[in-house]
Structures are given as C-alpha cells and as structure tokens.
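Q: can you look at this prediction? I've put the sequence above it.
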Amino acid sequence: MRCDDCQLIIEGYFDGELKESTALRVRRHLDGCPSCSRLLQNLTAEHAVYVASRSEILIRPDLWSGVRSRLTSEQQPEPLGALERPQTWLSSAFVLPRISGLTAVALVIVAVGMTMLLMRYLDRSLGDRRLTSVSESAPKAASAMPEGQAVPEPEPLVAGPRRSPEAKQNTGTKTTNESIVAGSKLKRPSRRFETIGKTKTPEQLVREAEQKYLTAIAMLSRTVERKRARLDLATLTKLEQALASIDRTIADTRKAVRQHPDDPVAVQFMLTAYAKKVDVLREMVDY
Amino acid sequence: MKKRNCKVLLITAIMLPGLMSVFSTRLTIAQSVPQSPQAHQESERHYGRLRINAERGLKVNLGNRTTGRITVNGWDRDVIEAQSVSERGDEVVIMTRGGDPGTKALFLKADYADLDQPAVPTSLVPAPPLIDGKPLKVHLEINLPRNVEIGLIQVWRSEVQVTGMKTPIAVSGDQSSVILKGTGAVAVRTRSGNVEVEDANGTIEVGTTSGAVRVRNVRGSVRVVSISGPIEIKCSRGSTRVANTEAPIELINIDGEVDAVTTNSSVRFAGPLREDGRYDLKSMSGKVEMILPDNTPGFDATLSSYGGVIETDFDLRMKSPVSDGTQQRRMVGHFGNGKARITLDSFEGFVRLTKGLSGSMPRCN
C-alpha cells in the first residue's frame, strides 16, 4: 500500500470502519511508514481533544446534591385560593406516579389505535391510486413491478392524447396519430432525481436487480422448455452453447461484484451479462 | 427473419465477453495518482495569499488536510495564487516543490494556521482547532493559469470545484461532491458524492456508487456508470453511454450515439435525432420513452417489451408483423428516410415512442 492510499482511508481505519483485510493492509503499511504513523498519531491526538472537550461538560456529583436540596426547599406548600385549588388538583393528578403511569398507558393505546386507523385509511387510498396508475399505464407489467413503482403518466410534451385505460388493456401495442396538444413542455422529474435510491444501500439494490433478472430468466426458461420440441437440434445446440457462454460470464462477473460490491463498473458488467441472457431467451421464446 | 435474428444472437453471445470488456473499460484515474511530496522535499508554510510564477510544464497537485473545499479557478495570468481560508480568516497553504528532473511539480495543501502564536502563525498545529466542537474546515482557493496541468485531486469528504481550466481534470472522492465547469476532459470517481460537469471539452467519464450525475453542454463523448445514482445528460455533442441499476436516466438533446441501460428505473430521451445516429434505450422493469420532435426526418425503430405496453405516436411502416400477444410484444417499423436507428426495450415496463411539438422541445444554450 502506498502513502496516498493509506492516507485516504486512515480515518476509516482509526474509526474501525474498514474491512478486516483492508485494516490489516493499513496496519502493515503503518508499521513501516513513519509519516503515516505520524498521521495516525495526529488523529489520536485529535480524538483526545474531542474526549477532553466532552469531559468538560461532565456534571460533578456535588451538583446533584445542591439541586436536590433546592428542590426540597421549593416544594413547601403555600396557601391556595378557591380557583387555584381545582387547577392544582388537576395538574398534580398527572404528576402522581400511579396516575401518570396509567395515563401513559392510555395515551399509548390511543396513539397506537389512531396510527392503525390512519395507516389503514392511507393504505386504502394509496392502494386505489396505485392500482389506477398501473392499470392506466402498463397492465401487464403491474404484477411484476415493485410495490409503489407504478409507471407514471407520460409527460405533457407528447403530441397525441393519452388513450383510455380500457383501450390500453385491450392491446399492448398501438400506434396513435391524433391531435396535437399545444403549449405543453417537458417536465423534469426533479423530485425523483433527488430521492430515489436513498433508502436502500447499493448492495441491496444490486441484489434486487440481480433477483429481477433471475426471475425473468426462470420464467423465460420455463417457456423455452415448453417450446423446446419446436427447435431443430442444431439451433438448439448453438443456443445452448451461447447460454453456457453467458453463464460463465455471469459467474465471473458475480465474483467481481462480490469482491467489489460498490464498484459501479463491475455491477454493470454483471447486469449486462444477465440482460444478454434474457435477450437470448426472449429470442428463443419467439421461435 | 427469425433465423437471421438467431444468428445475430449467437454471434453476440459468443462475442459477449469481448463486447462487455469494451463496455466496461474502467476509469483510468487510479493509474494517475499524483506524486505526493517525498520526505526529502522542502515544504514551505505560507500564511495569507501565496503567489508563484507558473513555469512552463508545471504540474500542480492539490490537497486539503481538512474536509474543507478545494476551489480552482482558471485565469489568463501566468501566476498561481493560492489562499487558505476558514471562518477564522486566513489559514496556511503548504507549498512543496518537487517532481522528476524532467517535470516540475508543485503541491499545494490547505492547513491550519496557529493563531495562538500571531508572530508565527505558520507553526504546525498538531490537532485541529475546534469550532462548536467540530474540527475547523479550511478551504483552499486557487487561481491557476488555464493551461496548467492539475494532478489527480484525491479527497475524502472535501468538495471540489474547478472552473475555467483548459486541461483535463481527474477527481477521486468518497463523499465529496464535485463540480467542474469549463474544463477539458473529465474523469471522476465518487462513492456517494454528486457530480456535476458543465461546458467541458473532451471525454467525460464518471463512475459513482450512489451519487447523482449531471452533465450539461459538453463537446465530447460521455460515459457514466452508477449503481443507484440518477443520471441526467443534457446537450452533449458526442456519443453517450450511460448505465445504472436504480434511479432515472434522463437524456436531453444528445447529438451522438446513445446507449442507455438501467435495471429498475426509467430511461427517457428527448430531442432531435442525428440523421444516421443509433439510439439504444433499455430497462428491465422501468419505463422507456423517447420523445422526438414532430419534424423528425426519419428512423428505423424496434420497440419491444416482454410484459409491458408499447405505444407510438408515429405512423410507422411495419417491417415485420406486429407481435401483439399477451407476452413478448414487438414492433419493427420504418418512418420517413429511416436513417437513424432506434431500439427501445423494457422487459416488463412501458415502452413509448412519442411525437413532441418541435417548438416545445428542450433547447440547448
């Protein structure tokens, strides 16, 4: 490992965030590199500064006794007026340990109940909306689409008006040459641009993508199996050789992705191989 | 027809490893790691603004001890001006001269000033000064002659902004956001940092794990690879090849070959076609849409979807019968002069070739 590489990840090493193998490489480099070791010492010193600054606000034990004695002196009862009495009783009822415990339980039950009702209501209304959106745009794809990822309506730039959901359900392919919608302009999906992909880690997304391809491959393979008899032996042999070649590429690229899960190039390498397999199977289905 | 398709598939399948190795040509920035100053090289610590005459053939490397910004501004003077600043005011710039006998190198790095010793603020500060309990950020601001070569800018969290340089720029960051405007060729690699490139001349290569990528007004080929970052390319005059797994791909006014692939998300292209251009947009489960102006001279289009819907506003002359079953829909058609070639495909998503009003199409500046 070179100093440049080490210095780039030394903070991660110090924080214990590196993988064991990387940490070992850093440790080995530090053993033989005075300048990087010095850097690590500096980091340690910085950490010490943090620790020191944190300890400055630690509360001394004698402070507590002082606070307690002041509280005791402030809790002396004072004479109350006729109007103040019910108010005091009401407020003190909620600070009694027994009642406040019951109140807390009751509040929790009410909160849970309200949340469940709200969730049920939202689920119903969102579900309806989602169903409408999917059926309008891609009825056949709806079952395979991830939840909530309904195909949005085409943007208003288009020249032809949208067809009715019924028309779309009747046929999958359609040529439309209808009146032009004037004054529309391209809308950028800026909100999606900012939010998608933030909730899941890249590794999860890659696993999901891989799973999606595997599901498609399994589905297509079943269809191909049913149509196998229609293919002549020579074609079948060649196609199977092609599939075997793609499978080898998939295996190799998967290995690369396992080693470098964050590497977008390795990931695209693997997914391209899966996509190619899907393409070949789709052609076989067409036979 | 089917036999011909089969042959094409067989050839492509056999050639797959080769094709993919071309597709996945890796970013080469890792090979051009700058030479950091060696122990024997003399470092000078400057407090305040530093001015140096830029010698011919000089290569400048930049760094930051802190997580503060690195800002480079190209100018038309033969002088290098560097300054480190923080919310306390001026900080220190460490300058190290070095390089091989044949090349001259200059390393400029932002560091803390020792404000406890006003007489010698350039003294080394062993631990970072804290502001609100956090280490102080020092920003390195540099004015460079436009044609000075800049070595790989390697950062962890520091933002990088480079403007007005004619030379190629390479940045490797982790969480750093990178903004490059008016530069030469660009190579950027980040993990979660966003990347924005504008008005660049030369090849643009961006690889990011989850950062968003925006490229605008560039005059070279563009290649962007991401896992979960959205990709937006607008007004590119070269070939454009983009791929991601999740998050939308948006391509606007691309005057070159286009190859866009995503798995879970949508791909959208809007703009005129190059007369003999090739446009391949593909998604596994997302929507694939191409919006062309209504005065498009012509194209050959293949629209396909295994489980989704296909639509087009163009009156295509069908080259083969429309495959319109419950599954595996395909439409191969010809429009106008048929010179450009379009392939839109989504396995289970919506495929649409849309006619837009030429007056409403997005424009480039």
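A: Perfect, thanks for sending it. On a predicted model such as this, the values are computed, not experimentally measured, just so you know. Numbers count the residues shown, from 1 in each chain, chains lettered A, B, ... in the order given.
Q: C-alpha only now, for contacts and for neighbours.
A: Will do.
Q: what about chain B, any weak spots by pLDDT?
A: Under the criterion pLDDT under 70, the flagged ranges of chain B are B:1-41, B:101, B:321-328.
Q: checking the one residue sitting closest to the centre of it next. Helix, strand or coil?
A: For chain B, the residue sitting closest to the mean C-alpha position, by CA atoms, centre = their mean, is B:V206 at 3.7 Å. Recorded secondary structure, B:V206: strand (DSSP: H, G, I helix; E, B strand; the rest coil).
Q: what about it, distance to B:E246?
A: 16 Å (CA to CA, to the nearest Å).
Q: what segments of the chain are helices?
A: Picking chain A for this. A:3-14, A:20-32, A:34-55, A:61-74, A:84-95, A:97-137, A:165-170, A:190-195, A:202-227, A:233-259, A:264-286 (DSSP state H).
Q: that answer is for a different chain, and I need it for chain B
A: B:2-14, B:16-23.
Q: does B:N295 touch B:S358 like I think?
A: Yes. Counting by CA atoms under 8 Å, B:S358 is a contact partner of B:N295 at 6.7 Å.
Q: quick one: which of these two has more around it?
A: B:S358 (16 against 12; other CA atoms under 10 Å in any protein chain shown).
Q: residues contacting that one?
A: B:P293, B:D294, B:N295 (CA atoms under 8 Å, 6 or more residues apart in numbering or on different chains).
Q: gap between A:V280 and A:Y287?
A: Separation of A:V280 from A:Y287 (CA to CA) stands at 11 Å.
Q: out of those two, which sits in the busier spot?
A: Taking neighbours as other CA under 10 Å, A:V280 and A:Y287 compare with A:V280 leading, 24 against 13.
Q: distance from the chain centre to stretch B:59-69, please.
A: 21 Å (CA atoms, centre = their mean, to the nearest Å).
Q: now check it, is it near chain A?
A: No. Stretch B:59-69 stays clear of chain A (CA under 8 Å from any CA of the partner chain), getting no nearer than 10.2 Å.
Q: that stretch: end-to-end distance?
A: In stretch B:59-69, first residue to last residue: 20 Å (CA to CA).
Q: residues of that stretch that come out buried?
A: Neighbour-count burial for stretch B:59-69, counted by 16 or more other CA atoms under 10 Å in any protein chain shown, picks out B:K59, B:V60, B:N61, B:L62, B:G63, B:N64, B:R65, B:T66, B:T67, B:G68, B:R69.
Q: shaky segments in the stretch 51-200 of chain A?
A: Along the stretch 51-200 of chain A, segments meeting pLDDT under 70 span A:51-101, A:119-198.
Q: how about the residue of the stretch 51-200 of chain B found nearest chain A, what does it touch?
A: Nearest residue of the stretch 51-200 of chain B to chain A (CA to the nearest CA) works out as B:A127 at 5.1 Å. Neighbour list for B:A127: A:N42, A:L43, A:A45, A:E46, A:V49 [criterion: CA under 8 Å, 6+ apart].
Q: looking at those, spot the one nearest B:F350.
A: A:L43 (53.1 Å; CA to CA).
Q: and for that closest one, the neighbour number?
A: 19.
Q: quick one, grab the pLDDT at it.
A: A:L43 is assigned 75 on the pLDDT scale.
Q: which residues touch it?
A: Applying CA under 8 Å, 6+ apart to A:L43 gives the contacts A:E11, A:F14, B:A127.
Q: now those as a markdown table including distance to A:C33?
A: Shown next, in a markdown table, are the contacts of A:L43 (distance: CA to CA, whole Å):
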| residue | distance to A:C33 |
| --- | --- |
| A:E11 | 16 |
| A:F14 | 16 |
| B:A127 | 20 |
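Q: just the closest of these to A:T253, please.
A: Nearest to A:T253 out of the contacts of A:L43 is A:E11 (CA to CA; 30.6 Å).
Q: how about the closest one, what does it touch?
A: By CA under 8 Å, 6+ apart, the contact list for A:E11 reads A:L43.
Q: and it, how far from B:G133?
A: 18 Å.
Q: also B:D174?
A: B:D174 is 24 Å from B:G133, by CA to CA.
Q: which one's more surrounded, these two?
A: Taking other CA under 10 Å, B:D174 and B:G133 do not tie; B:D174 has more neighbours (23 against 11).
Q: need the contact list for that one.
A: Applying CA under 8 Å, 6+ apart, we find B:D174 in contact with B:V155, B:W156, B:R157, B:R189, B:T190, B:R191, B:S192, B:G193.
Q: intersect these with the contacts of chain A.
A: Applying CA under 8 Å from any CA to those, one finds that B:V155, B:W156, B:R191 fall near chain A.
Q: quick check, nearest of these to B:Q83?
A: Set against B:Q83, the nearest of the ones next to chain A among the contacts of B:D174 by CA to CA is B:V155 (18.1 Å).
Q: show me the contacts for that closest one.
A: Neighbours of B:V155 in contact, by CA under 8 Å, 6+ apart: A:L8, B:G63, B:N64, B:V171, B:S172, B:G173, B:D174, B:S176.
Q: circling back: who wins for neighbours among the contacts of B:D174?
A: The residue in these with the most neighbours, by other CA under 10 Å, is B:R189 (30 neighbours).
Q: go ahead and confirm that residue touches B:V171.
A: Yes. With contact defined as CA under 8 Å, B:R189 and B:V171 form a contacting pair (6.4 Å).
Q: what about A:D247, neighbour count?
A: 16.
Q: how about the contacts made by it?
A: Listed by CA under 8 Å, 6+ apart, the contact partners of A:D247 are A:K277.
Q: got a pLDDT number for it?
A: pLDDT recorded at A:D247 is 94.
Q: the one 5 residues further on too?
A: Per-residue confidence for A:D252 comes out at a pLDDT of 92.
Q: burial measure for the closest residue to B:D76 other than its chain neighbours, as a count.
A: Nearest residue to B:D76 in three dimensions, chain neighbours excluded: B:P145, at 5.7 Å (CA to CA, 6 or more residues apart in numbering or on different chains). B:P145: 20 surrounding residues under other CA under 10 Å.
Q: for B:P145, name its beta-bridge partners.
A: With DSSP bridges as the criterion, B:P145 is bridged to B:W75.
Q: swap in B:R189?
A: Beta-bridge partners, per DSSP bridges, of B:R189: B:S172, B:G207.
Q: how far away is it from B:I153?
A: Distance, B:R189 to B:I153, using CA to CA: 11 Å.
Q: quickly list what's touching both of these two.
A: Taking CA under 8 Å, 6+ apart as the criterion, B:R189 and B:I153 both touch B:V171, B:S172.
Q: number of nearby residues for A:E20?
A: Using other CA under 10 Å, A:E20 is surrounded by 11 other residues.
Q: same question, A:M1
A: A:M1: 11 neighbours (other CA under 10 Å).
Q: show me what contacts it?
A: Listed by CA under 8 Å, 6+ apart, the contact partners of A:M1 are A:R25, A:V26, A:H29.
Q: done for today, thanks.
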